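Q: Sharing a model that was predicted from the sequence below.
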Amino acid sequence: MDEDVYSFALTNALNEIQNACPEVLNAFLYREDGEIVAKNENTQEKTVVQVIDAFDGILEKANVLDGIEGIKLECAKGRVNVSHISNLYLVTVTSKEADMKYVNALTRALIPTVLKLLERAIPAPFQNKKLTNMPEPEPKPSATETEIPEKEEEIKEPYSFKTHKEKFEPEIPSEQFLPEPPVNQLIVENLGGLLVPSDTVRIDNEMLKQWQELYPERKVEEVEIETFDGKTTQCKVKAMNDSKYEGKGIIRIPEKIQLQLEIKKGELVRVKPVIT
């Protein structure tokens, strides 16, 4: 995959986190080998290198304990959070006034969602590195090493490529190649009003467009919502009509569905499209 595209998408995601929560002063992603993948526009590369150097010793010691999932540091003027996502480390520097519950919910919803969409759209650059370590195929035996039949009548004409393909590679219906529906973690927000349908939730229009791009020949009209204690339901979905909720990793859910799932405003749920 083009690493520039990968970095551009993640950089936009980090900038959106800061737009949604201005108390996030710096945010960046780097790989386990120390390579910087993306950073928001307010973060200087010199600052990133200093932070990575400071955490190197801690992360090396953490390998003895089978890795590390997160680090939290509180200072007089703010906080530093380090979280492990896939094979990346996400670092956020926030002011003391930041609502860490909201910041954590936002980053845990947005960054994994972007990573999953990138991996489904284009092969991830991390997977490309593994290809260089694949074993070389064993050489085929030469003609002199191949056993030759003693009698001429035993020699049979080999299958042509066309015959072989028709016999062992029958056409597979295109439906089998549909990508698996992406799962997104979103923050619950109330949805009410006299004319609001009780069986319909609303999500960011950009997310609906991304889903539709994955399934251009299908219609995404319903979603499946799953709580973290295993309760699920299917309901209709439409784009949000209130701009203040856009780009914040939010799903607006009517009270009836919230009661059915036993959830409330501010909780995280898993959401994926229902493909029919």
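A: Ah, there it is.

Q: can you give me the strands in the stretch 51-200 of the chain?
A: Along the stretch 51-200 of the chain, counting by DSSP state E, counting those that start in this stretch, strands occupy 70-74, 78-85, 88-95, 184-191, 200-203.

Q: strands paired with the second one, and their directions?
A: Translated: strand 78-85. strand 70-74 (antiparallel), strand 88-95 (antiparallel) (DSSP bridges).

Q: ok so, going back, adding distance to Lys272 and mean neighbour count, write the strands of the stretch 51-200 of the chain out as TSV.
A: For every residue, glycine as well, the C-beta is placed using N, CA and C. Listed next are the strands of the stretch 51-200 of the chain as TSV, based on distance: least, CB to CB, whole Å; neighbours: other CB atoms under 10 Å:
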stretch	distance to Lys272	mean neighbour count
strand 70-74	25	12
strand 78-85	19	17
strand 88-95	22	21
strand 184-191	7	20
strand 200-203	11	22
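
Q: To Asn15, which of the ones you listed lies closest?
A: strand 88-95 (12.8 Å; CB to CB).

Q: contact partners of that closest one?
A: Contacting residues not belonging to strand 88-95 are listed as 17, 21, 23-32, 37, 48, 51, 55, 59, 77-84, 100, 103, 107, 111, 115 [CB atoms under 8 Å, 6 or more residues apart in numbering].

Q: Using PDB, list the CA coordinates for it.
A: What follows is strand 88-95 as a C-alpha-only set of coordinates in PDB (Å, rounded to 0.1, in the frame of the first residue of the first chain):
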ATOM      1  CA  LEU A  88       1.100   1.000  16.800                       C
ATOM      2  CA  TYR A  89       1.500   3.200  19.900                       C
ATOM      3  CA  LEU A  90      -0.800   6.200  20.200                       C
ATOM      4  CA  VAL A  91       0.500   9.100  22.300                       C
ATOM      5  CA  THR A  92      -1.800  12.000  23.400                       C
ATOM      6  CA  VAL A  93      -0.800  15.000  25.400                       C
ATOM      7  CA  THR A  94      -3.700  16.800  27.100                       C
ATOM      8  CA  SER A  95      -4.200  19.800  29.300                       C
END
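
Q: residues in contact with Glu189?
A: 245, 250-253, 265.

Q: got the domain boundaries for this structure?
A: 3-121, 180-274 (automatic domain parsing).

Q: Flag whichever of those has the least confidence on average.
A: Lowest mean pLDDT within those: domain 3-121, at a mean of 80.

Q: Determine how far it lies from the middle of the whole chain.
A: On the basis of CA atoms, centre = their mean, to the nearest Å, domain 3-121 is displaced by 15 Å from the centre of the chain it belongs to.

Q: And stretch 180-197, by the same measure?
A: That offset, for stretch 180-197, works out to 19 Å (CA atoms, centre = their mean).

Q: I'd like to know how far the closest residue to Tyr102 other than its chain neighbours sits from Gly70.
A: In space, Tyr102 comes closest to Cys21 once its chain neighbours are excluded; the distance is 6.5 Å by CB to CB, 6 or more residues apart in numbering. Cys21 sits 18 Å away from Gly70, going by CB to CB, to the nearest Å.

Q: Next: Ile257.
A: 31 Å.

Q: Centre-most residue in this protein?
A: The structure's the chain has its C-alpha centroid closest to Lys116; by CA atoms, centre = their mean the separation is 2.2 Å.

Q: my guess is that one contacts Gln185, does it?
A: No. Lys116 is beyond contact range of Gln185, at 10.2 Å (criterion: CB atoms under 8 Å).

Q: which helix is the longest one in the chain?
A: In the chain, taking DSSP state H as the definition, the longest helix is helix 100-121.

Q: May I see the buried residues of that helix?
A: Neighbour-count burial for helix 100-121, counted by 16 or more other CB atoms under 10 Å, picks out 103-115, 117-119, 121.
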